[in-house]
Each structure stands twice: as C-alpha cells, then as structure tokens.
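Q: Attaching a predicted model along with its sequence, questions to come.
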Amino acid sequence: MIYLDHAATTPLAEQAAASMQPYFSKDYANASAFYEFGEKSREAVEHARGIIARSLRANPKEIYFTAGGSESDNWALKGTAEAYKQYGRHIITTQIEHHAVLNTCHYLEKQGYEVTYLPVDAQGFVRLPELEKAIRPDTILISVMFANNEIGTMEPIAQIGRIARRHSIIFHTDAVQAYAQVPVDVNFYHIDLLSASGHKFYGPKGTGFLYIRDGVRTASFIHGGGQEMGRRAGTENVPGIAGIGAAAELAMRKMSERIYRETRLRDYLIHEIASRIPGAWLNGDRYARLPNNVNFSFEGIEGETLLLLLDAKDICASAASACSTGSAEPSHVLTAIGRDEKLAFGSLRMTLGEATTAEDVRTAADAVAESVKLLREVAEYEQQ
C-alpha cells in the first residue's frame, strides 16, 4: 500500500507509542492527585508542555492541552468572542478556513457577532489590503489559517500578525496542517492564539493544544475542575499528552531533513503530473505551499471515481479534506480560488509523509496518469 493522505492523519510514531505505554497501566494515577503516586503523571504532562512550548518559542504556561484541532479552534474563537465582547462583536476570517473555524463563526453569528469572510486570490492567498480594509473599530479577532489543509498554500502570517498587532486585535491561526511541518515561532509571526492537532504529526488521535499568549483573555471552554491552569476542565489525558509531546520532540528533531526530502518528492510529483496529463490544474501556490502537499484538478474526470481507481492500485489519497468526504457540495476552498464546479469535483489531493519513498511517488504518478487517461476515454466513449 502507498499511503498519500498524511494531511488526513498520520501513523503513530513508535517513540510516541512507547512514551504513552506506562500511563495506561503502571503509572495510571491522576495527574491532579496530591499524593506522590500522581507525581509521575504530572511530570509527564509538564514535560510534554515544555517540549511544545520550546517548539513554538513560547512559555510552558501558554500551552493548554485539548482533545484536538477542532476543540482548539472552537475554544480560540468562542473564548475570545466571549472575553472581548465588551470591546466589539466583529470577527475577520477567510473563505478557505477549515470547517472547525467556519462553522464556529456561523455559530457566533447566531449569537449576535458579525463575521467578515475574506476572499482569497487564485493561489489561495489572503490579500493584505483587503484585510486591512475589513478592520473596524469593533473588530476583536482575526483568524487566518497558517496553511490550507486542501491546497497547501501558506498564508502571509507574519504580515497578518503585524497588521493585527498594529490595530490591537487578537490574532488566531489554525496551524493544524503547519505545526511540526514547518518552523513556527509565535513571536516572529505575532501570533496570539494557535491551534494544533497531535494526529497530524505522528502523535495520537484525540490530542491537541491551544497556545494562548500570556495576557490574552479567553473564556473557559469546558467548565468543571481546575485543570490546565484553571482554563480547561477535565482529567488530563496523560497517555495522550505524553504521546503528543514525544511526537512534537521527534518532529522538531527531524524537521529540516524532512522538509528537504518531502519538498523534493513533492516537486517531482507536481512536475510529473503537470507534464504528463493535459488539462491538469495545480491548486495552490507552486512554491509557498506545505512541503508534502500536492493538489490537482483534472478536466473531464470525477475525483471520487479517480480515488476508486487509485484504491484498486493500493494507493490512498483524497479528493478534499477528510472532514468533508462524502459532501454533495464542491470544495469551498477550490471554489474560493476560482475553480468551477466541474474542476472542483475533479480534484485529487496527495500528501506525502515520513515513509513515502521516491519509488512510491513514481508509482503514484504513473497510476494517476493511467487512471485519468482511462476515465477520459470512458467518458468519451459514453458520449458517442
């Protein structure tokens, strides 16, 4: 099997799995317990918090563990909206955000907030003059994803952060696809809130974190006990936290090597598809994109049928975000960058990973070329 859907999820790293094992049975104590038996659990939680803080150039007290990226996004938006509502009820985001942000914004609109959904250009970039123009006296939050989960385009986060800072507006970024894939320094990028998810970088599912810059107020998302410095109630998922910490540590150690290797494989795959398949449209910017992301739309084919043909060849890929699989609507990201409905439905996303080899990429390129050719021939025959 050739697995090319790492944007959907990644396998659990052996080091992460090993770090989790003691806390399932041997060292099972509650991390909030007062007695000595709970000390190992507390140490595991704080060790992981320190690893993630260092990876962001942040302070450990600014890292809050969650159950994943969707919770982190929800907390960032709802918590900020609640905490700053006396200053205004206007939020700015983009049309290409993950549904964890978009649907949270729709919820907030029903609560009396106003949301501006910025358009993007043909490569998926936010236009900075339009962002600046959208700012109002009552704007309290700007939320722009670090890198798009479908097309891989990396937004001008540093410039957006500077604009937000200049206007004294809280800046949140959904970094679920970017964290541990590319370097992220919250100070350089002027980030106030950042969401991430463990299973996107070889950590366990059901884990994530929210970075909250010291001094930024957010209402608690889950009420109950005093865990996570009193801001997120619930008994700590010690095995999961140990696992996400180990995965983050491993990712930071291997990042430079992985970026170099995956970028070369990505560029080779893009070149092969673009040069061998007429009517292939690359989605997202050619260079300012995630190192592992390849996304094409093909004229005259249907993306889900292409996936079935690739699956028959033991190649796992996707047509869009895993969260929107099965939707009767075309990708909101592809329509936002100007793809018509037919091209949007004819898309293919392949995302490379740690175990992807040059041979895998060559095999995938051949399989895509053969499958697109076959589908077009069948469509032409049916039209006769």
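A: Everything's here; your move.

Q: just checking, what packs against whichever strand or helix holds residue 40?
A: Using DSSP states H and E, residue 40 sits in helix 39-56. Applying 3 or more C-beta pairs under 8 Å, 6 or more residues apart in numbering; DSSP states H and E, we find helix 39-56 packed against strand 63-66, helix 238-276. Every C-beta, even on glycine, is put in place using the N, C-alpha and C of the backbone.

Q: For the next helix or strand after the longest one, report the contacting residues that lie outside it.
A: Right, helix 238-276. Using DSSP H and E, the helix or strand that follows helix 238-276 towards the C-terminus is strand 280-282. With contact meaning C-beta atoms under 8 Å, 6 or more residues apart in numbering, strand 280-282 is reached by 270, 273-274, 295-299, 339, 343, 372.

Q: closest to residue 18 among these?
A: Residue 18 lies nearest to residue 295 out of the contacts of strand 280-282, by C-beta to C-beta, at 34.0 Å.

Q: number of nearby residues for that closest one?
A: 29 (other C-beta atoms under 10 Å).

Q: Is it located within a strand, as I assumed?
A: Yes. Under DSSP: H, G, I helix; E, B strand; the rest coil, residue 295 sits within a strand.

Q: Go through the helix holding residue 40 and flag the buried ones.
A: Buried residues in helix 39-56, counted by 16 or more other C-beta atoms under 10 Å: 40-42, 44-45, 47-49, 51-53, 55-56.

Q: Would you enumerate the residues in contact with the spatially closest residue to residue 185 that is not a sequence neighbour?
A: Spatially, and ignoring its direct neighbours in sequence, residue 185 is nearest to residue 57 (4.6 Å; C-beta to C-beta, 6 or more residues apart in numbering). Counting by C-beta under 8 Å, 6+ apart, residue 57 makes contact with 185-188.

Q: how about those residues in JSON lines, adding pLDDT, secondary structure and neighbour count?
A: Output for these, formatted as JSON lines (pLDDT from 0 to 100; DSSP: H, G, I helix; E, B strand; the rest coil; neighbours: other C-beta atoms under 10 Å):
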{"residue": "185", "pLDDT": "98", "secondary structure": "coil", "neighbour count": "13"}
{"residue": "186", "pLDDT": "98", "secondary structure": "coil", "neighbour count": "23"}
{"residue": "187", "pLDDT": "98", "secondary structure": "coil", "neighbour count": "11"}
{"residue": "188", "pLDDT": "98", "secondary structure": "coil", "neighbour count": "12"}
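
Q: From these, pick the one nearest residue 88.
A: Residue 88 lies nearest to residue 186 out of those, by C-beta to C-beta, at 23.7 Å.

Q: surely the closest one meets residue 56?
A: Yes. Look at residue 186 against residue 56 with C-beta atoms under 8 Å: they come within range, at 4.9 Å.

Q: Overlap in contacts, these two.
A: Residues touching both residue 186 and residue 56 by C-beta under 8 Å, 6+ apart: 194, 211.

Q: Tell me, how many residues neighbour the nearest residue to residue 217 once chain neighbours are set aside?
A: Distances taken as C-beta to C-beta, 6+ apart put residue 83 closest to residue 217, at 4.0 Å, once the chain neighbours are dropped. When counting by other C-beta under 10 Å, one arrives at 17 neighbours for residue 83.

Q: how close does residue 193 get to residue 24?
A: 31 Å (C-beta to C-beta, to the nearest Å).

Q: brain fart, residue 123
A: Note on residue 123: its distance to residue 24, by C-beta to C-beta, is 45 Å.

Q: Same check on residue 354?
A: For residue 354 relative to residue 24 (C-beta to C-beta), the value is 24 Å.
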